[in-house]
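> I would like the atomic coordinates for the input below:
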Amino acid sequence: MSKEIYVALIDSGCSFETYEKIAIDVEDNKIKIEKQKDINFEHGNVIGNIIKDENINIYDIQVFDKNLSTTPNHIFGALNYLKDKKVDVISMSLGLKTNYKEIEELINEFIKKGVVIVSSFPRRGEDLVYPASYKGVIKVTSEGMCLDDKVVALDKEKLFFGANPFSNVKNVAGSSVAVAKFTKEFCFYLKKGFKKEEILEEFSKRIVNEPK
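Numbers count the residues shown, from 1 in each chain. Here you go, the predicted structure:
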C-alpha cells in the first residue's frame, strides 16, 4: 500500500487545491502568516503540477511577490512555519547568494529530524547558493542530457543531482523544473517505502559524465 507523503513547496503559490495553503508576508521586518494572494504567474503552478500525485500532500507556501522576487525573511518564515508540521520533503526551486545563519540553523534542525531538503543549484556551481550549499541539502540542477524525467547523479558525495529542465510552459524551465522533477521521483520511491539513502543510491546508478 502506498504511503502518504507530505511535501512542502516553497514557491509562488498554486492555483489548484492542495493539502494546505498559506502566504508569508513581511512588513517592517515582521513575518506574518497570511492567506495566499492572487496567482499572477505560472511558476508555482508548473512546479506544483510536476510534484502533485496520488498520496502526495502539498503544503503550498507562497513566498514570491508579484515581481517573482523573495527575501531571506520570507524563506525563513516559510521554514519556521513548517517546524512543527508533519513534513517529509521540503522542495525549494530558489536560491540566495548570501548565507543567513538563521536559515542555516533551521535547515540543520530539519535534517536532524530526517526531513529531506531539496534546492536548486547553478548548472556549473561556480558560486555558492543557499540553501543548496548547506551541508546535507540535496542540490539539483538542470541537465539537458536527460531525455526523460529520470534523475541522474552528477556528484553523489556532494549530494549533487540533475534532471530534465524543460516543462510544458515555455518560460518556466531550468533548475527550478529540475528540482520539481527530482522531488517527484524521490517521492515516488518514498511512497513505496524506500529510505532516503536507498533512493539516492538508486539515482546514483544513473551517472552523467561532465564534459572535460
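> any low-confidence regions in the chain?
1, 39-40, 66, 124-126, 147, 167, 169-173, 208-212 (pLDDT under 70).
> for it, which helix is longest?
When the chain is parsed with DSSP state H, its longest helix is helix 175-191.
> So which residues make contact with the next helix or strand after that helix?
Scanning forward in sequence from helix 175-191 by DSSP states H and E, the next helix or strand is helix 196-203. Helix 196-203 is contacted from outside by 114, 116, 138, 151-153, 156, 159, 161, 185-186, 189-190, 194, using Cβ atoms under 8 Å, 6 or more residues apart in numbering. Every residue, glycine included, has its C-beta placed from N, CA and C.
> any idea which element the nearest residue to Val137 once chain neighbours are set aside lies in?
Spatially, and ignoring its direct neighbours in sequence, Val137 is nearest to Ile117 (4.6 Å; Cβ to Cβ, 6 or more residues apart in numbering). Ile117 is part of strand 116-120, with elements assigned from DSSP H and E.
> Just checking: what are the partner strands of the helix or strand just after that strand?
Sequence order places strand 138-142 as the next helix or strand after strand 116-120, per DSSP H and E. Within its sheet, and counting by DSSP bridges, strand 138-142 is paired with strand 116-120 (parallel), strand 160-163 (parallel).
> could you dump the ones you listed to TSV with distance to Asp25 and mean neighbour count?
Listed next are the strands paired with strand 138-142 as TSV, based on distance: least, Cβ to Cβ, whole Å; neighbours: other Cβ atoms under 10 Å:
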stretch	distance to Asp25	mean neighbour count
strand 116-120	22	24
strand 160-163	31	25
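> Redo those as CSV? Include distance to Cys14.
Output for these, formatted as CSV (distance: least, Cβ to Cβ, whole Å):
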stretch, distance to Cys14
strand 116-120, 17
strand 160-163, 20
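> so which of those gets nearest Ser175?
Smallest distance to Ser175 across these (Cβ to Cβ): 3.9 Å, for strand 116-120.
> Figure out how far the closest one is from the centre of its chain.
Here strand 116-120 is found 5 Å from its chain centre; the criterion is Cα atoms, centre = their mean, to the nearest Å.
> quick one: contacts of it?
Strand 116-120 is contacted by residues 88-95, 107, 110-111, 129, 131-132, 134, 136-141, 175-176, 178-179, 182-183, 186, 196 when judged by Cβ under 8 Å, 6+ apart.
> Drop the exposed ones from these and show what's left.
Buried subset of these (neighbour count, 16 or more other Cβ atoms under 10 Å): 88-95, 107, 110-111, 129, 131-132, 134, 137-141, 175-176, 178-179, 182-183, 186, 196.
> so what's the residue nearest the centre of the chain closest to, chain neighbours aside?
Centroid-nearest residue in the chain: Ser91, 2.0 Å away (criterion: Cα atoms, centre = their mean). Leaving aside its sequence neighbours, Ser91 sits nearest to Thr183 (Cβ to Cβ, 6+ apart; 4.3 Å).
> What distance do you get for the one you found to Lys156?
Distance, Thr183 to Lys156, using Cβ to Cβ, to the nearest Å: 18 Å.
> Now tabulate the contacts of helix 196-203 in TSV and tack on distance to Leu82.
Below are the contacts of helix 196-203 laid out as TSV (distance: Cβ to Cβ, whole Å):
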residue	distance to Leu82
Gly114	14
Val116	13
Ile138	17
Val151	24
Val152	28
Ala153	27
Lys156	27
Leu159	20
Phe161	22
Glu185	22
Phe186	17
Tyr189	22
Leu190	17
Phe194	23
